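Student: from the sequence below, what's the structure:
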Amino acid sequence: MELLSNEKLENLAVEYFAFGTPITDDEGHIINAIVFCHGWGGDCGSIRRILDVVGPNKPLDTEKFFIIAITTLGSPNSASPSTTNLGSKFPKYTIDDMVRFQMEFLKAKFNIIHLVGVIGNSMGGFEALTWGARYPDYMDFIISLVSSYKVAGHNYALFKFMNDIIEMDSNYNNGEYIKPLTKSLKLANMSMFPFGLSREYYRYDLTNDEIDIAMDGMGKEAIEENWDANDIIYRNNASTSYDIENIIFNIKAKVLIVTINQDQYFPPELDAIPMSKMIEGSKLVIYDSLMGHVGIHEIIKIEKELEEFLKDFKE
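Tutor: Got it, this is the predicted structure:
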């Protein structure tokens with residue numbers, strides 16, 4: 001694979017999960033595929049977040065669609081600084097490269113050259129929207145879940161803060177560390193805790209003692225899941241460089257923008273609503289969830305809206 005930087009990566013590992021009913025044309029191309037793109041800390045298994053609307057006779061009908069969830073470039077267990085053992089020598093990549101990584105995999109593995117749709121959650125929405133803006137004829141629809149057209153403001157600041165925590169670790173050594181940076185990885189993950197849920201949930205549903213326990217759990221998660229510092233730095237840098245405001249008008253696919261009123265990462269008034277005005281003909285759906293950004297787990301709340309949007313693509 002050739003990156004936008006003109007650097008190349010060979011023999012790339014790709015983790016994926018596929019289910020549903022593939023349908024092929026006379027040339028052997030699968031013509032009913034939908035790709036799911038996961039969020040920042042996820043992988044192909046993150047499709048579990050929307051499983052309430054996936055299955056026979058559900059909006060994402062597995063008897064009509066062939067659904068593929070791919071662990072994207074830079075996220076273990078697909079090709080990343082840690083899984084390739086390249087560490088800091090791994091080429092810098094962008095959201096555009098993540099899209100090309102998935103496109104090349106789809107062609108090589110499944111002989112797919114066109115998708116019915118791309119669904120992206122959070123960072124996965126960056127990919128889905130970039131896909132539509134860069135390759136507008138590649139898909140028929142896009143569903144953006146709690147995402148945006150660029151990283152700015154407090155999202156940018158949070159990614160930078162996480163990187164600073166890691167890079168200021170005395171053992172970081174410009175990415176040439178020998179042992180896992182346990183303390184800094186723990187702190188970096190804990191720094192995300194205050195934003196995942198709604199402000200109301202933190203205030204009224206959790207005691208301070210429960211917050212202590214939850215934050216400690218997030219810190220331990222980074223260690224138990226063997227997070228790698230270079231993986232985090234690279235993924236954050238790809239995200240902070242994301243901005244398609246000047247090309248978003250290229251999107252031709254039908255677009256459904258799903259947002260949550262209580263989302264602290266991407267508040268509707270700052271992200272989804274302005275984006276809906278940038279994409280001609282897009283449909284905007286807003287719902288309430290005290291779970292905030294992770295309230296996509298409650299996507300069943302908009303089952304009817306999803307069914308209405310997807311019905312034309314099932315014929």
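
Student: which residue packs closest to residue 46, ignoring adjacent ones?
Tutor: residue 38 (3.8 Å; C-beta to C-beta, 6 or more residues apart in numbering). In short, each C-beta sits where N, CA and C put it, glycine included.

Student: roughly how far apart are that neighbour and residue 75?
Tutor: 8 Å (C-beta to C-beta, to the nearest Å).

Student: so what's the residue count around the residue nearest to residue 46?
Tutor: 24 (other C-beta atoms under 10 Å).

Student: which residues does it contact?
Tutor: 44, 46-47, 69, 71-72, 75, 121, 123-124 (C-beta atoms under 8 Å, 6 or more residues apart in numbering).

Student: can you pick the most crowded of these?
Tutor: Top of those by neighbour count (other C-beta under 10 Å): residue 72, with 31 neighbours.

Student: how about the residue nearest to residue 46, phi and psi?
Tutor: phi -80, psi 170 (degrees, to the nearest 10).

Student: let me know the pLDDT of it.
Tutor: As predicted, residue 38 sits at a pLDDT of 98.

Student: go on, residue 258?
Tutor: The predicted local confidence for residue 258 is 98.

Student: then residue 314?
Tutor: Note on residue 314: pLDDT of 86.

Student: so what's the residue count around the closest residue to it other than its chain neighbours?
Tutor: Closest residue in space to residue 314, ignoring its immediate chain neighbours: residue 64 at 4.6 Å, by C-beta to C-beta, 6+ apart. The local packing of residue 64 (other C-beta under 10 Å) involves 19 other residues.

Student: wait, residue 64 sits on residue 31?
Tutor: No. Contact criterion C-beta atoms under 8 Å: residue 64 and residue 31 do not qualify, at 11.6 Å.

Student: which of the helices or strands spans the residue positioned nearest the centre of the chain?
Tutor: Central residue of the chain (C-alpha atoms, centre = their mean): residue 124, 2.2 Å from the mean position. Counting by DSSP states H and E, the element that carries residue 124 is helix 123-134.

Student: still on that earlier bit, what score does the residue nearest to residue 314 have for pLDDT?
Tutor: 96.

Student: from residue 193, how far off is it?
Tutor: 39 Å.

Student: do residue 150 as well
Tutor: In terms of C-beta to C-beta, residue 150 sits 24 Å off from residue 193.

Student: before we move on, what about residue 20?
Tutor: Using C-beta to C-beta, one gets 35 Å for the distance from residue 20 to residue 193.

Student: what of residue 142?
Tutor: Counting by C-beta to C-beta, the gap from residue 142 to residue 193 is 30 Å.

Student: and residue 170, by the same measure?
Tutor: On the measure of C-beta to C-beta, residue 170 and residue 193 end up 24 Å apart.

Student: now swap in residue 211 and tell me
Tutor: Relative to residue 193, and taking C-beta to C-beta, residue 211 is found at 8 Å.

Student: if you count surrounding residues, which of those two has more?
Tutor: residue 193 (16 against 13).

Student: these two touch, right, the more buried one and residue 213?
Tutor: No. Applying C-beta under 8 Å, one finds residue 193 not in contact with residue 213, separated by 11.2 Å.

Student: which other residues reach stretch 8-25?
Tutor: Here stretch 8-25 has contacts from 1-3, 30-33, 43-45, 47, 62-71, 73, 77-79, 83-84, 91, 101, 105, 109-111, using C-beta under 8 Å, 6+ apart.

Student: just the buried members of those?
Tutor: Buried by 16 or more other C-beta atoms under 10 Å: 1, 3, 30, 32-33, 43-44, 47, 64-71, 73, 78-79, 83-84, 91, 101, 105, 110, out of the contacts of stretch 8-25.

Student: cross-reference those residues with the helices and report the matches.
Tutor: 101, 105, 110 (DSSP state H).

Student: and of these, the nearest to residue 294?
Tutor: Residue 294 has its nearest neighbour among these in residue 101, at 25.4 Å by C-beta to C-beta.

Student: ok, the nearest residue to the closest one once chain neighbours are set aside to residue 120 distance?
Tutor: In space, and not counting its chain neighbours, residue 101 is closest to residue 73: 3.9 Å by C-beta to C-beta, 6+ apart. Counting by C-beta to C-beta, the separation of residue 73 from residue 120 is 14 Å.

Student: thinking again about what came up before, out of the ones in helices among the buried ones among the contacts of stretch 8-25, flag the one nearest to residue 249.
Tutor: For those, the nearest to residue 249 is residue 101 (24.8 Å; C-beta to C-beta).

Student: for that closest one, give its distance to residue 69.
Tutor: From residue 101 to residue 69 the distance is 14 Å (C-beta to C-beta).

Student: which residue ranges form the helices in the chain?
Tutor: 95-110, 123-134, 153-167, 182-190, 193-196, 199-200, 208-224, 229-240, 272-278, 303-310.
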